[in-house]
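Asker: Fold the stuff below for me.
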Amino acid sequence: MLETLYRSPRKSAYTLILLMAVFSAIYNAFIPLHGDEAYYWMWSHHLQWGYFDHPPMVAFLISLTNHISQSEWGIRLVNVISFTIAAFYIFKFTAELSDEKTALNAILIFLSVIIVNAGYIITTTDAPTILFWTLSLYYSYRALFFGSWQEYILAGIMLGLLMMSKYTSILLVGSILLFIILRKRSILTNIKFYTALLIALAIVSPMVWWNYKHDWISFLFQIHHGSSGVFKINLESFFTFIAGQFGIFSPVFAWLLFYYLYKEKLFYKNDKLFFIALNVTLTIGLFLYKSLFKKMGLNFDAPAYIGGVILVAYVVSQYNLKKIFKIGLIIALIFTILGRYLFLFHLDIIRTEMYKSDDIFHRVASFARPGDKFYGDHLSTAAYLKYYLPGHPDTDVALHSRYSQYDMWRKKGFLQSGLVVVRKHRRDAELKRLYKNVKLIDTNIVVPKRRIFYTYRVSDPIKK
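Answerer: The predicted structure is shown next:
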């Protein structure tokens, strides 16, 4: 099979990338919306330069795909398009560093590992981050090693768009600056470098201004969200994070990457490979360090594996590791096929918050009366209500929950008569402190003992 693909590596790679795009677009139509996706979709109908939780890029991109479709698969076109473009550039980047056969191996790794397949499904801030991280890595490489005006300008644009995608993108910026200091200090006197820097800053400036106008609320949230606040060692989260890397990037490919990052001196002697290796090491290393003190999401360091894919493909080619590569590919595909199967047919086992979410909120709609306002007990519940209810009415969070964009938009006197949807536990007492009349009108057991939705009719809010 692989020998057939290698006869025309470029054609094979492009065919695989496009097939994955088509497959994912169809597959995504059968997966209910995740709460975070509904939340980001809600942002796309209230575009601004920043949000409490993240920079605005995911909302900007969803607002574009909304013109194609606002269904589940339409929202997820953001992922499909982002990962498809990223895959093409991974092939292009690897082919320039080595050859097209090695580049095909990079695509086979990229499309087989479970972290990438998960990225094709759920729309989060990771989708635009993967897209612009890949483009930034490539055009920064081109600018640093070939130095045309066009490449510096493109690098500045992509880095600016990357920083508008996710705050952790600063790690790529940091690794590029560190590389310049270590290996390319002459660039610090190059006007092209400062032009690229100014372009990036110009693109990012509206988001920075938004944060300034809101007392740096988004920056502070992410700093708090990604830190424990104490320096107490948590070995469980540390080893869980390490083990997770071998799961999301597959055991064989993760082992090859980490082993050769440690062993392969060529990564440090060859400036081009060092440029990539530095980014991979810095990104994974930072989150590995932070996992000593707090549980880290396995998606936090996902962008590091863009460079990781390229380095593993290079190692396989350099040392002719055909057998290990095939074993790694088989294991990665087993993990991915199993994950996609469970996601499609046993979603209630692995993601209870996505289980038949459309049915749940269509049922809520049957209790609605003209003039009702709609509230959830959490940002995802409120976002689900807006997405699934007819006419997409504005919604809010009525009960105490974690601070979110809803709190930033909220005005005094927002509580009105209508319906409140609560997950997991009944919250009659809390609602009675907010409304004079509270009546439970529906109990919807979605997943026994794991997910129950309660619908309340409330009226006559108590003014405070």
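
Asker: Dump stretch 108-125 to CSV, keeping only the CA atoms.
Answerer: Extracted as CSV, the C-alpha positions of stretch 108-125 are listed here (Å, rounded to 0.1, in the frame of the first residue of the first chain):
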residue,chain,number,x,y,z
LEU,A,108,0.5,10.1,6.8
ILE,A,109,1.5,10.8,10.4
PHE,A,110,-0.5,14.1,10.6
LEU,A,111,-3.7,12.5,9.3
SER,A,112,-3.4,9.3,11.4
VAL,A,113,-2.9,10.6,14.9
ILE,A,114,-5.8,11.0,17.2
ILE,A,115,-5.1,14.6,18.3
VAL,A,116,-5.4,15.8,14.7
ASN,A,117,-8.6,13.7,14.1
ALA,A,118,-10.1,15.2,17.2
GLY,A,119,-9.2,18.6,15.8
TYR,A,120,-11.1,17.9,12.6
ILE,A,121,-14.3,17.3,14.7
ILE,A,122,-14.8,19.8,17.5
THR,A,123,-14.5,23.6,16.7
THR,A,124,-12.4,25.3,19.3
THR,A,125,-9.8,28.0,19.3
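
Asker: which SSE is D460 in?
Answerer: Secondary structure from DSSP states H and E places D460 in strand 451-461.

Asker: brain fart, L419
Answerer: Taking DSSP H and E as the criterion, L419 maps to strand 418-423.

Asker: So which elements touch that strand?
Answerer: Counting by 3 or more Cβ pairs under 8 Å, 6 or more residues apart in numbering; DSSP states H and E, the packing neighbours recorded for strand 418-423 are helix 357-365, strand 373-376, helix 379-388, strand 451-461. The C-beta positions use only the backbone N, C-alpha and C, and glycine is treated the same way.

Asker: Would you map the helices across the stretch 1-150 of the chain?
Answerer: With DSSP state H, counting those that start in this stretch applied, the stretch 1-150 of the chain shows helices at 2-6, 9-28, 35-44, 57-65, 72-75, 77-97, 100-112, 114-121, 126-146, 149-163, listed in chain order.

Asker: Show me what counts as buried in the second one.
Answerer: Right, helix 9-28. Taking 16 or more other Cβ atoms under 10 Å as the basis for neighbour counts, the residues of helix 9-28 that come out buried are P9, S12, A13, Y14, L16, I17, M20, A21, S24, A25, Y27, N28.

Asker: Which of these sits closest to L197?
Answerer: Each of those was checked against L197 using Cβ to Cβ; the closest is I17, at 32.1 Å.

Asker: mind listing what the closest one touches?
Answerer: T84, A87, F88, F91, I107, L111 (Cβ atoms under 8 Å, 6 or more residues apart in numbering).

Asker: Would you convert the residues you listed into TSV that also reports neighbour count, distance to R76 and pLDDT?
Answerer: As requested, the contacts of I17 are exported to TSV (neighbours: other Cβ atoms under 10 Å; distance: Cβ to Cβ, whole Å; pLDDT from 0 to 100):
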residue	neighbour count	distance to R76	pLDDT
T84	19	12	98
A87	25	16	98
F88	16	19	98
F91	25	23	98
I107	25	21	98
L111	23	17	98
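
Asker: of all the residues you listed, which comes closest to K386?
Answerer: Ranked by distance to K386 (Cβ to Cβ), the contacts of I17 are led by T84 at 28.7 Å.

Asker: re the thing from before, determine which of the helices of the stretch 1-150 of the chain approaches W409 most closely.
Answerer: Between W409 and the helices of the stretch 1-150 of the chain, the tightest spacing by Cβ to Cβ is seen for helix 35-44, at 10.2 Å.
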